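Chemist: Just a sequence and a predicted model for now, questions to come.
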Amino acid sequence: MKNVAQRVFFGRALADLGDKNMDIVVLDSDLGGSTKTSDFAKGHPERFFQCGIAEQNMMGTAAGLAVSGKKVFASTFAVFATGRCWDQIRQSIAYPNLDVKIVATHCGISVGGDGASHQALEDVSLMRSLPNMTVICPADANEAYKATVAMAEHFGPCYMRMGRADFPAITGEDDDFTIGKATVLKKGKDVTLVGSGQMVSVCLDAADMLKDDGISAEVINMSTVKPLDADTLLESADRTRCVVTAEEHSIIGGLGSAVAECLSENGNQPLIRVGVRDSFGESGEPNELMIKYGLTKEDIVFAARKAIDRKRKKKGFLWRK
Amino acid sequence: MSNEEVEFDFLKERARTIRRHVIDMTCAAGSGHPGGSLSATEIICTLYFKVMKHDPKAPQWKQRDRFVLSKGHVAPALYAALAESGYFPVDELKTLRELGSRLQGHPSYGKLPGIEMSTGSLGQGISIANGMALAAKLDSSDHRIYCLCGDGELQSGQNWEAAMLAAHYKLDNVTVFVDRNRLQTMGDTEEVMSLEPLADKWSAFGWNVIEIDGHDFAAIIKACEDAKRCRGRPTVVIANTVKGRGVSFMENNADFHGKCCNPEQKEKAMCELEECL
């Protein structure tokens, strides 16, 4: 299958769901053509509300619709969906625990030319800290479709993040997707690579590179960052004894932080986080930016070697003791 | 006495009861916002005891009118009106702000029957009301949405985003009351950040604008009826009020925005509320 943007499948899923579920209502803030909620608008104009360039009001309106029994999807770019209206999400959606699905596109550095103002690298961190909020980062377009369906079946506030660019397909149409459940895509015994979003596919590439060096890497698709699937993570980390996380997000507050929190409270295996290291992005081609900001398979391979090295040193230390 | 006079006497008595609860509750809690609660008393009272269709025995009745308290800090007045309506025991009012109480410092959705939305972070209520109004239109239900805003909170930009949306979607089922008491925490609204010409602003945004004395029951009732008759446009009622209304030393006194009475003040306040209004 050729590479597809996640938002294309999200738009398709939403339009399909709209045919079946009359309670689904979609809100846009003048970006529906990019987020692909325009597909829903075509089929269901009476349940599509354009809110204009006013995201705070969009979130409040979403809350009012949800508290009246509607299942609301509110979509825009991730920087606006999370940063600009964080207080509205906190006060009017998360606190009253309403059925609003915030679906953001244009996440991460691969947004490219638009530059730092439009590259959300903090969105997972912002959403993850909110009580009642579920945070989903699908790995590819197939998963974006299934996550959209799953969110429609789930009650409560959700945040889903997707990229702008076309991503490689790594999950099959028949693969299972359950909110809160990670999937082991590749078994291994030397190191666990935990990815989210398009970095899952980069983890798989890194695992192939490591294999050439005789290192067996396990790859986990952590498509739900909150609630984190601690069982799958810890079961793997217990066996491999070291972990690398990879995300197109700041290393502060996102998947790497969630895994660090879980490991430090449970297993204390060495962990290396691959992600944007506390910096804003800039304009450039997506692949150039992925290289410059350390989000390539080579970066993951380097991190995996470092993690394995630490594990060995730690073992030695324990043995000497 | 005419029917009307009997009705106004009843509402007056209710308003006095609510004011007494407000003083009692905030004093028991040792904190809260009595000033704005007292300025909004007639508005809340008229909505709950005369204008809105609602059923305290069935708080989730689908066709009920909704009330969104955008100025969430005047929760004491709303709680008092809900308790007096029969949503929960009046006795529970004294638990305001206590650990484990359903009466949170600001309204919390899902805890207390009758509370339609969590509020407290100012400037968000009209957006919520709009969402409720869109849902009512989708469901072809003729229930109405009432929202009470403070005047100071209109300094927040989200209100004007919401004002635009309500006019754009012709939400004639929305009625917003502005409790125009002219005082906010740091003093006179016109000194802190001027709102005038306030009526012109709403008109320019496409709203049906009604200005009234916010302590006059007849005027509040008439404004609600006019709003109901107005087709294709949302209505805003700019209700000119007195902050701290009903207690002489609290009237027009910004100090009582977010502070309760001391024991002597409480005694004096309760005394005044027994006699007057």
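Modeler: All right, it came through fine.
Chemist: B:Ser39 versus B:Phe256, what's the distance?
Modeler: 10 Å (Cβ to Cβ, to the nearest Å). C-beta: built from backbone N, CA, C; applies to glycine.
Chemist: Same question for B:Asn253.
Modeler: Distance from B:Asn253 to B:Ser39, by Cβ to Cβ: 11 Å.
Chemist: Then B:Phe249?
Modeler: 15 Å.
Chemist: Who has more neighbours out of these two?
Modeler: B:Ser39 (32 against 13; other Cβ atoms under 10 Å in any protein chain shown).
Chemist: so who does that one touch?
Modeler: B:179, B:181, B:214, B:241-245 (Cβ atoms under 8 Å, 6 or more residues apart in numbering or on different chains).
Chemist: Give me the neighbour count for B:Gln60.
Modeler: Counted with other Cβ under 10 Å, B:Gln60 comes out at 8.
Chemist: ditto for A:Gly64
Modeler: 32.
Chemist: Distance check, it against chain B.
Modeler: 2 Å (Cβ to the nearest Cβ, to the nearest Å).
Chemist: And the pLDDT at that residue?
Modeler: What the model reports for A:Gly64 is a pLDDT of 98.
Chemist: Can you show me the helices along the chain?
Modeler: All of this refers to chain A. Assignment of helices within chain A using DSSP state H yields the ranges A:6-20, A:32-35, A:38-43, A:55-67, A:78, A:86-89, A:123-128, A:141-153, A:199-212, A:230-240, A:255-266, A:286-292, A:297-320.
Chemist: my bad, chain B
Modeler: Using DSSP H, helices in chain B cover B:3-29, B:34-39, B:41-46, B:75-85, B:125-138, B:158-168, B:189-193, B:198-204, B:217-229, B:263-275.
Chemist: Please indicate which of the ones you listed has the most neighbours on average?
Modeler: helix B:34-39 (a mean of 30; mean count of other Cβ atoms under 10 Å in any protein chain shown).
Chemist: Identify the residue spatially nearest to the residue in the stretch 51-200 of chain B that chain A sits nearest to, adjacent ones excluded.
Modeler: Proximity of the stretch 51-200 of chain B to chain A (Cβ to the nearest Cβ) peaks at B:Gly131, 2.0 Å away. Excluding the flanking residues, the one nearest B:Gly131 by Cβ to Cβ, 6 or more residues apart in numbering or on different chains is A:Gly64, at 2.0 Å.
Chemist: Let me know the distance separating the one you found from A:Phe10.
Modeler: 24 Å.
Chemist: Make sure B:Asp179 is actually in contact with B:Glu42.
Modeler: No: B:Asp179 sits out of contact with B:Glu42 when judged by Cβ atoms under 8 Å, with a separation of 10.0 Å.
Chemist: list residues touching both of these two?
Modeler: B:214, B:241.
Chemist: and A:Arg273, what are its bridge partners?
Modeler: Beta-bridge pairing of A:Arg273 under DSSP bridges involves A:Thr245.
Chemist: In contact with A:Thr35, which residues?
Modeler: Contacts of A:Thr35 by Cβ under 8 Å, 6+ apart are A:7, A:10-11, A:28, A:75-77, A:103-105.
Chemist: Go through the residues you listed and name the one nearest chain B.
Modeler: Distances from chain B to those, taken by Cβ to the nearest Cβ, are shortest for A:Asp28, at 12.3 Å.
Chemist: Isn't that closest one up against A:Gln50?
Modeler: Yes: at 5.5 Å, A:Asp28 counts as touching A:Gln50 under the criterion of Cβ under 8 Å.
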